[in-house]
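Novice: This is a predicted model, with the sequence first.
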Amino acid sequence: MKKTQSTAKPVHKPVFANGDDIQIPVFTLLKPDGTVYADAGSTSLDETTARRIYRAMLYTRVLDERMMAAQRQGRLSFYMQCTGEEAAVIGSTAALDDADMIMAQYREQGALAYRGFTTDEFMNQLFGNERDTAHGRQMPIHYGSRDLHYLTISSPLATQIPQATGYAYGQKLAGKGHCTLTIFGEGAASEGDFHAALNMASVHKVPVIFLCRNNGYAISTPVTEQFAGDGVAARAFGYRMQSIRVDGNDILAVYEATCEARRLAVEENEPVLIEAMTYRLAAHSSSDDPSGYRSKKEEEAWHKKDPLRRMQRWLLDRGWWNEDEERELTESLRREVLETMKQAEKRRPPALETLVSDVYAETPPLLREQLETLEAHIRRHPEAYPRSAPWLNGSTETEGQP
Amino acid sequence: MSRMNLLQAVNNALDTAMAVDERVLCFGEDVGVFGGVFRATSHLQEKYGRERCFNTPLVEQGIVGFANGLAAQGSVPVAEIQFADYIFPAFDQLVNETAKFRYRSGSLFDVGGLTVRAPYGGGIAGGHYHSQSPEAYFAHTPGLTVVVPRNPHQAKGLLLASIRSPDPVIFFEPKRLYRASVGEVPDDDYELPLRQAEVVKEGSDITLLAWGAQMEVIEQAAEMAEKAGVSCELIDLRTIVPWDIETVAASVFKTGRLIVSHEAPLTGGFAAEIAATIQNRCFLYLESPIERVTGLDTPFPLTLEKEYMPGPLKVLDAIHRTMDF
């Protein structure tokens, strides 16, 4: 329904509109206690996928608890938890083809867990050691995986959103039926890149799904100070885009909504905006203390809507899961994370040469000279550079002896 | 060989690139059926279809963000920013994304296929916002390659090399030369090397270094200086970063004198970087201080544009100052 100046209906007195007459409902299938609403439609989620989702949710919870503890012990410089938003992230990922692209913000490790990123890969990135594929260049939690179609995380907010539109345009031209899912917070949706991305996707009919995790806060700023309109979902109308609001802590609703969004994107080249209503149960990051901007009471209310407990109840009710399995899996995941972390933190730092590689496909002479100058300097003062001096001295010492 | 102006050479390069590689896409504001406000993309939509050559909404950050995503996906995007003066809304995408894509992922992902083209520079009575030369902003960002051609032959060869380079390139086209610079351009597919300066005229007394439209200016200054018996060596830097230190240093070892000239303001301009590096490499060979002949440290003016610009007479004065030091 494209309106141009010549096709819009004329009126002869001023008519203003602010969108208040449109109320976007919240799509939800599971009650907060994990039982299904009486009038809820059926779900297409099968047992195998449901178990894979739940395992990834549990894994993410265990990983986050363990790594936040490690950060508090001073073993890790920084950490960010997905806690409370696992259903929004993993449910949407599960609705995709595993070869669809994901461009996330930074709190979406659940998507990687679902696709099979190994504990070793998580740990090597977190500790920025010699086995980190990005050679310790980025802060912890900036994961990426080409094999798992997960774009390396970039700290600047919302930059991945127009990139997702471009990536998906390329997928459309390639014609292999793939799409891109980009995930971001409601704060990032205030950035210009968000608006640019939605507009371009709609104009060019691109197979991209925009998933906003509306978790209530952008660090400390509540949504009431982020926007005045009806959340993020309503913005799609300005771009004539399909939009849906879902209960982001309801795994069934997220999954069903994303399945349909993917169908619209891939089969009809209709981009879709999904606003997942959720809550960041943990702090923004290891450097944040939420007690300064939100109440314990509010947090407790959201703990009662914990997406893991809701899904667990649903699985138990169907006989697709049992409590022994839960206990055993949790214990074995905790062991795995702890053991793998101990190995990763002992590994050597990346080689000095990785400071200058990958800036360009081929390192320019000036940069090679800068590396040589640095190497000579470190050789003169090895005691000041304990991380890199052993590499230069051709040390063959094994792990744990940097 | 065909006789064409710089704009036609750019168009010809894009046509060539799109013909041989279907992954090459051209887009930007008014780039589609209209062929761009300067006509650099004329007839490309007609020839290659709307999917490969198209208009975008008017949003530079979106254009470059979209182009970054396309390049990461494996396409070869050639995005046009209508004027270099309007590239700044895309600064974040270029500086924080394009430039760091490869490094931050350890080469898991890169946007090497990306080329961003933008008409650039003054001399067309364009005032503040249709005249700027912003190369130094981008030269300060490791990971970017910045290229400026001086004539039609260079434009086609360097643009084709930029499009096919494994690194993202910002390609600034001196718009004053779009129709003013005319020359013979090979019809076939050819590339000129990136990261390589070119000695366009040999000389023995002084080295004059510039790029883009400023090459014509130093050539005119050199002609005047030659009449006074000063032998000038002229170098076109061509790639601003990563820049060819060796060629410039070799010339200065020989001449002992260097003038660097650009339209952009003096302070923090790329001439400062060149002067610092060359005095370090060639200190004992220098006969006089390295001079910079540049725009003023002001926004780009309109009525008094000629006064602002580093014209041939300003370069000639600098040559004499340097020779008489």
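Specialist: All right, it came through fine. Numbering: from 1, shown residues only, chains lettered A, B, ... in the order given.

Novice: any chance you could map the strands in chain B?
Specialist: For chain B, the strands defined by DSSP state E occupy B:2-5, B:24-28, B:53-55, B:76-80, B:115-120, B:145-147, B:169-174, B:182-185, B:198-201, B:206-210, B:232-236, B:239-241, B:258-265, B:291-295.

Novice: Turn those strands into TSV, columns for distance to A:Glu65.
Specialist: Just so you know, the C-beta spots here come from the backbone N, C-alpha and C atoms, and that holds for glycine as well. Converted to TSV, those look like this (distance: least, C-beta to C-beta, whole Å):
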stretch	distance to A:Glu65
strand B:2-5	66
strand B:24-28	46
strand B:53-55	48
strand B:76-80	42
strand B:115-120	44
strand B:145-147	45
strand B:169-174	45
strand B:182-185	65
strand B:198-201	61
strand B:206-210	60
strand B:232-236	60
strand B:239-241	46
strand B:258-265	53
strand B:291-295	58
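
Novice: got a markdown table for the ones you listed, with mean pLDDT, distance to A:Asp97 and mean neighbour count too?
Specialist: Shown next, in a markdown table, are those (pLDDT from 0 to 100; distance: least, C-beta to C-beta, whole Å; neighbours: other C-beta atoms under 10 Å in any protein chain shown):
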| stretch | mean pLDDT | distance to A:Asp97 | mean neighbour count |
| --- | --- | --- | --- |
| strand B:2-5 | 98 | 47 | 16 |
| strand B:24-28 | 98 | 24 | 26 |
| strand B:53-55 | 98 | 27 | 22 |
| strand B:76-80 | 98 | 24 | 26 |
| strand B:115-120 | 98 | 31 | 28 |
| strand B:145-147 | 98 | 35 | 27 |
| strand B:169-174 | 98 | 33 | 27 |
| strand B:182-185 | 98 | 46 | 16 |
| strand B:198-201 | 98 | 50 | 16 |
| strand B:206-210 | 98 | 53 | 28 |
| strand B:232-236 | 98 | 50 | 24 |
| strand B:239-241 | 98 | 40 | 24 |
| strand B:258-265 | 98 | 48 | 26 |
| strand B:291-295 | 98 | 54 | 23 |
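
Novice: For A:Ala384, which of those strands is the nearest?
Specialist: strand B:239-241 (30.5 Å; C-beta to C-beta).

Novice: Does anything pack onto that closest one? Which helices or strands?
Specialist: Counting contacts by 3 or more C-beta pairs under 8 Å, 6 or more residues apart in numbering or on different chains; DSSP states H and E, strand B:239-241 is packed against helix B:135-139, strand B:145-147.

Novice: List the neighbouring strands of it plus their orientation.
Specialist: As defined by DSSP bridges, the strand partners of strand B:239-241 come to strand B:145-147 (antiparallel).

Novice: Give me the contact list for the strand it pairs with.
Specialist: By C-beta atoms under 8 Å, 6 or more residues apart in numbering or on different chains, the residues outside strand B:145-147 that reach it are A:360, B:135, B:138-139, B:158, B:162, B:165, B:167-172, B:194-195, B:238-242.

Novice: just for chain A, where's the confidence low?
Specialist: Where chain A drops to pLDDT under 70, the residues are A:1-6, A:394-402.

Novice: can you give me the helices for it?
Specialist: Using DSSP state H, the helices found in chain A span residues A:47-72, A:86-94, A:109-115, A:119-127, A:160-174, A:192-204, A:235-238, A:251-268, A:296-303, A:307-318, A:323-346, A:365-380, A:389-392.

Novice: got TSV for these, with distance to B:Cys232 and mean neighbour count too?
Specialist: Conversion of those to TSV gives the following (distance: least, C-beta to C-beta, whole Å; neighbours: other C-beta atoms under 10 Å in any protein chain shown):
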stretch	distance to B:Cys232	mean neighbour count
helix A:47-72	62	19
helix A:86-94	63	31
helix A:109-115	60	27
helix A:119-127	54	22
helix A:160-174	46	28
helix A:192-204	47	25
helix A:235-238	59	18
helix A:251-268	61	23
helix A:296-303	74	12
helix A:307-318	73	20
helix A:323-346	60	14
helix A:365-380	26	13
helix A:389-392	45	18
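
Novice: Switch these over to CSV; also include distance to B:Ala318.
Specialist: Output for the helices of chain A, formatted as CSV (distance: least, C-beta to C-beta, whole Å):
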stretch, distance to B:Ala318
helix A:47-72, 58
helix A:86-94, 61
helix A:109-115, 58
helix A:119-127, 53
helix A:160-174, 44
helix A:192-204, 43
helix A:235-238, 55
helix A:251-268, 60
helix A:296-303, 68
helix A:307-318, 69
helix A:323-346, 59
helix A:365-380, 26
helix A:389-392, 45
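
Novice: Next, the contact list for the residue of the stretch 201-350 of chain A with the smallest separation from chain B, please.
Specialist: Taking C-beta to the nearest C-beta as the measure, the point where the stretch 201-350 of chain A comes nearest chain B is A:Val203, at 5.9 Å. Residues in contact with A:Val203, defined by C-beta under 8 Å, 6+ apart, are B:Thr56, B:Pro57.

Novice: one more time with 10 Å, if that's ok
Specialist: Shown in contact with A:Val203 (C-beta atoms under 10 Å, 6 or more residues apart in numbering or on different chains): A:Thr165, A:Tyr239, A:Arg240, A:Pro271, B:Phe54, B:Asn55, B:Thr56, B:Pro57, B:Gly62.

Novice: How about the third one: what's its closest non-neighbour residue?
Specialist: Counting by C-beta to C-beta, 6 or more residues apart in numbering or on different chains, A:Ser202 is the residue found nearest to A:Arg240 once chain neighbours are left out, at 5.8 Å.

Novice: Over to the fourth one?
Specialist: Here the nearest residue to A:Pro271 in space, its sequence neighbours aside, is A:Ala201; by C-beta to C-beta, 6+ apart that works out to 3.9 Å.

Novice: of the contacts of A:Val203, closest to A:Gln370?
Specialist: B:Gly62 (35.1 Å).

Novice: Verify the stated contact: that closest one with A:Val206.
Specialist: No. Look at B:Gly62 against A:Val206 with C-beta atoms under 10 Å: they stay out of range, at 11.9 Å.

Novice: The two - which one has more neighbours?
Specialist: B:Gly62 (29 against 26; other C-beta atoms under 10 Å in any protein chain shown).

Novice: Return the residues in contact with the residue nearest to A:Pro271.
Specialist: Counted by C-beta under 10 Å, 6+ apart, A:Ala201 has contacts A:161-162, A:164-166, A:168-169, A:180, A:182, A:207-210, A:239, A:241, A:265, A:269-273, B:62, B:66.

Novice: want to throw the helices and strands packed on strand B:239-241 into CSV with distance to A:Glu331?
Specialist: Below are the helices and strands packed on strand B:239-241 laid out as CSV (distance: least, C-beta to C-beta, whole Å):
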stretch, distance to A:Glu331
helix B:135-139, 53
strand B:145-147, 52
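
Novice: ok, the nearest residue to A:Thr133 once chain neighbours are set aside - contacts?
Specialist: Spatial nearest neighbour of A:Thr133, chain neighbours left out: B:Gly106 (4.6 Å); criterion: C-beta to C-beta, 6+ apart. For B:Gly106, the contacting residues are A:132-138, A:144, A:146, A:152, A:350, A:354, A:357-358, by C-beta under 10 Å, 6+ apart.

Novice: Can you flag the buried ones in those?
Specialist: A:132-138, A:144, A:152, A:350, A:354, A:357-358 (16 or more other C-beta atoms under 10 Å in any protein chain shown).

Novice: hang on, the earlier thing: now the common contact residues for B:Gly62 and A:Val206.
Specialist: By C-beta under 10 Å, 6+ apart, the residues touching both B:Gly62 and A:Val206 are A:Thr165, A:Gly166, A:Ala197, A:Met200.

Novice: Could you double-check that the second one sits in contact with B:Ile63?
Specialist: Yes. Applying C-beta under 10 Å as the test, A:Gly166 and B:Ile63 come out as touching, 9.2 Å apart.
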